[in-house]
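Engineer: After the sequence you'll find the predicted model.
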Amino acid sequence: QQQVKQSPQSLIVQKGGIPIINCAYENTAFDYFPWYQQFPGKGPALLIAIRPDVSEKKEGRFTISFNKSAKQFSLHIMDSQPGDSATYFCAAIKHGSPNFGNEKLTFGTGTRLTIIP
Amino acid sequence: DAGVTQSPTHLIKTRGQHVTLRCSPISGHKSVSWYQQVLGQGPQFIFQYYEKEERGRGNFPDRFSARQFPNYSSELNVNALLLGDSALYLCASSFLSVNTEAFFGQGTRLTVV
């Protein structure tokens, strides 16, 4: 059962454009939503994350928009550069306590982003 | 500061064999989680360990097992390898058990032939 749906699967944007990647989740118990960037042959690297009590968060050129009622969130990359070409994953997690455990990240299927010069 | 380190980086095994993958978390991090990433898909949760105890297990067969040592490093073991076990195995560490900020290693690329 896929609890986080991500789209599009791939995206090509011209340099300077604003790629937008969308995710939708089902489990309303999720309380933290990170985005990861992954280059070929590397592990995912945390880009930016948001909690559901916030509608927008910006860090540098990266912005997360969050719509709690629609159970959707999206990543926007401002002034995109060829170096941003990578695969992007949204994820979600429900936090517990150390005694509960099983705090797993549930990932989307990924978006392969290509920024062309 | 060293990040999460995994070894080996690449591995080729034959069907039916056993494999052990290793992970050293960031210094001070007590939680280690393992994920399997099949080509073209997002990582799938396998195990979480915190303070040397298993805290969570994903939907993987009993052929998969793991443990965490007193220095918080961890091993993932897979028995009776199948072709479908070919994947990138990722280790993530975080300070607490919560993966609020989970830092991933670069992974071990396992190929089963």
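Structural biologist: Received it, and whenever you're ready, just let me know what you need. No experiment lies behind these values; they were computed from the predicted model shown. Numbers count the residues shown, from 1 in each chain, chains lettered A, B, ... in the order given.
Engineer: Of all the residues in stretch B:73-89, which ones are buried?
Structural biologist: B:Ser73, B:Ser74, B:Glu75, B:Leu76, B:Val78, B:Leu81, B:Asp85, B:Ser86, B:Ala87, B:Leu88, B:Tyr89 (16 or more other Cβ atoms under 10 Å in any protein chain shown). Bear in mind the C-beta positions are built from the backbone N, C-alpha and C, glycine included.
Engineer: got JSON lines for those residues, with secondary structure too?
Structural biologist: What follows is the buried residues of stretch B:73-89, written out as JSON lines (DSSP: H, G, I helix; E, B strand; the rest coil):
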{"residue": "B:Ser73", "secondary structure": "coil"}
{"residue": "B:Ser74", "secondary structure": "strand"}
{"residue": "B:Glu75", "secondary structure": "strand"}
{"residue": "B:Leu76", "secondary structure": "strand"}
{"residue": "B:Val78", "secondary structure": "strand"}
{"residue": "B:Leu81", "secondary structure": "coil"}
{"residue": "B:Asp85", "secondary structure": "helix"}
{"residue": "B:Ser86", "secondary structure": "coil"}
{"residue": "B:Ala87", "secondary structure": "strand"}
{"residue": "B:Leu88", "secondary structure": "strand"}
{"residue": "B:Tyr89", "secondary structure": "strand"}
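Engineer: So B:His10 sits against B:Gln106, correct?
Structural biologist: No. The pair B:His10 / B:Gln106 is not scored as a contact, 10.8 Å apart, by Cβ atoms under 8 Å.
Engineer: of these two, who's got more company?
Structural biologist: Set B:His10 next to B:Gln106 and count neighbours by other Cβ atoms under 10 Å in any protein chain shown: B:Gln106 wins out with 19 against 11.
Engineer: how about the residue nearest to the more buried one when sequence neighbours are not counted, secondary structure?
Structural biologist: Leaving aside its sequence neighbours, B:Gln106 sits nearest to A:Gly43 (Cβ to Cβ, 6 or more residues apart in numbering or on different chains; 4.7 Å). A:Gly43 falls in the coil class when you classify it by three-state DSSP.
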